[in-house]
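A.B. asks: Fold the following, please.
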Amino acid sequence: MPPHATSTSTSRRHSGDAHPPRPREAPARRGAARRAKRVADVGAALVCLVLLLPLLLVTALAIRLDSGGPVLFRQQRAGLDGLEFSMLKFRSMRADRHELPEGPHDGAGPLFKLHADPRVTRVGRVIRRYSIDELPQLVNVLRGEMSLVGPRPALPCEVAVYDDRARERLLVLPGLTGPWQVGGRSDLDWDSSLALDLGYVHQWTATTDPVLVLKTVGAVLRPVGAY
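C.D. replies: Residues are numbered from 1 along each chain as shown. Here you go, the predicted structure:
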């Protein structure tokens, strides 16, 4: 068991076979790169939390007035090497309807998505469209559970059906934004989505994250594939 996993609580456990074969080390995991990326993550997350505080407060108030219940939603996701963590989001669904509905859905491959999800509230539709619901994950970034940029954090049930190639997504920290978010999001098919993520995992350089952050601004203003 890796050293970082020995002190984790029972709520942070490995999802399925969390140790995929590693044909080569992901560039973002190498010593100097990993440290530089972590410093950038902490600095950017702190700045964003301060600058976005008014938006965060207004969103929290709108959620409470629209549907009552808790403002935040916590969901188990698979992070680095498949280690599960509690991901934070602004609640966009009815407080009593967060379980995944059974039957067919609109997601690609193992991804679960519904174009017209009956669980989503009025405020939820707005904050999802502009990715405001993801902003509490800045706290996950500060905790070291996520990075500002990386592949989307997958559900454990999605990871359970990954093949060896898909498991390479878990070689780096999941991101608040990343190639999936700027490449078309839920409009992408599974193969295209996976290719984007693995391109990030294996071809990361020092300029990759700043470029994707800039592209994220355009993706938020033109929310294609956000639902």
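
A.B. asks: what sits up against the lowest-mean-pLDDT helix or strand in the chain?
C.D. replies: The least trusted helix or strand in the chain, going by mean pLDDT, DSSP states H and E, turns out to be helix 179-182, with a mean of 87. The contact list for helix 179-182, computed with CB atoms under 8 Å, 6 or more residues apart in numbering, reads 131, 151-152, 188, 193, 196-197, 199-200, 212, 215-216, 218-219. Heads up, the C-betas are built off the backbone N, CA and C, glycines and all.

A.B. asks: Look up how far Thr207 lies from the closest residue to Thr208 other than its chain neighbours.
C.D. replies: Nearest residue to Thr208, sequence neighbours excluded (CB to CB, 6 or more residues apart in numbering): Tyr200, at 6.8 Å. Distance of Tyr200 to Thr207, computed by CB to CB, to the nearest Å: 12 Å.

A.B. asks: And the residue nearest to Thr208, what's its pLDDT?
C.D. replies: The predicted local distance difference test score for Tyr200 is 96.

A.B. asks: Mind giving me the packing neighbours of the helix or strand where it lies?
C.D. replies: Remark: Tyr200 resides in helix 190-203, with elements defined by DSSP states H and E. On a contact count with 3 or more CB pairs under 8 Å, 6 or more residues apart in numbering; DSSP states H and E, helix 190-203 meets helix 179-182.

A.B. asks: Show me how far the helix it packs on is from its chain's centre.
C.D. replies: Using CA atoms, centre = their mean, to the nearest Å, the distance from the centre of helix 179-182 to the centre of the chain it belongs to is 11 Å.

A.B. asks: Pull that helix out as PDB, backbone CA atoms only.
C.D. replies: Provided in PDB are the C-alpha atoms of helix 179-182 (Å, rounded to 0.1, in the frame of the first residue of the first chain):
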ATOM      1  CA  PRO A 179      -9.400  19.000 -21.400                       C
ATOM      2  CA  TRP A 180     -12.900  17.500 -21.100                       C
ATOM      3  CA  GLN A 181     -14.500  20.700 -19.900                       C
ATOM      4  CA  VAL A 182     -12.900  22.800 -22.700                       C
END
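
A.B. asks: quick one on the thing from earlier: between Tyr200 and Thr207, tell me which one has more neighbours.
C.D. replies: For Tyr200 against Thr207, the residue with the higher neighbour count under other CB atoms under 10 Å is Tyr200, and the figures read 24 against 8.

A.B. asks: so what's that one up against?
C.D. replies: Contact analysis of Tyr200 by CB under 8 Å, 6+ apart lists Val149, Gly150, Pro151, Val172, Gly178, Pro179, Thr208, Leu212.

A.B. asks: can you do 10 Å?
C.D. replies: Residues in contact with Tyr200, defined by CB atoms under 10 Å, 6 or more residues apart in numbering, are 26-28, 149-151, 169, 172, 175, 178-180, 208-209, 212.
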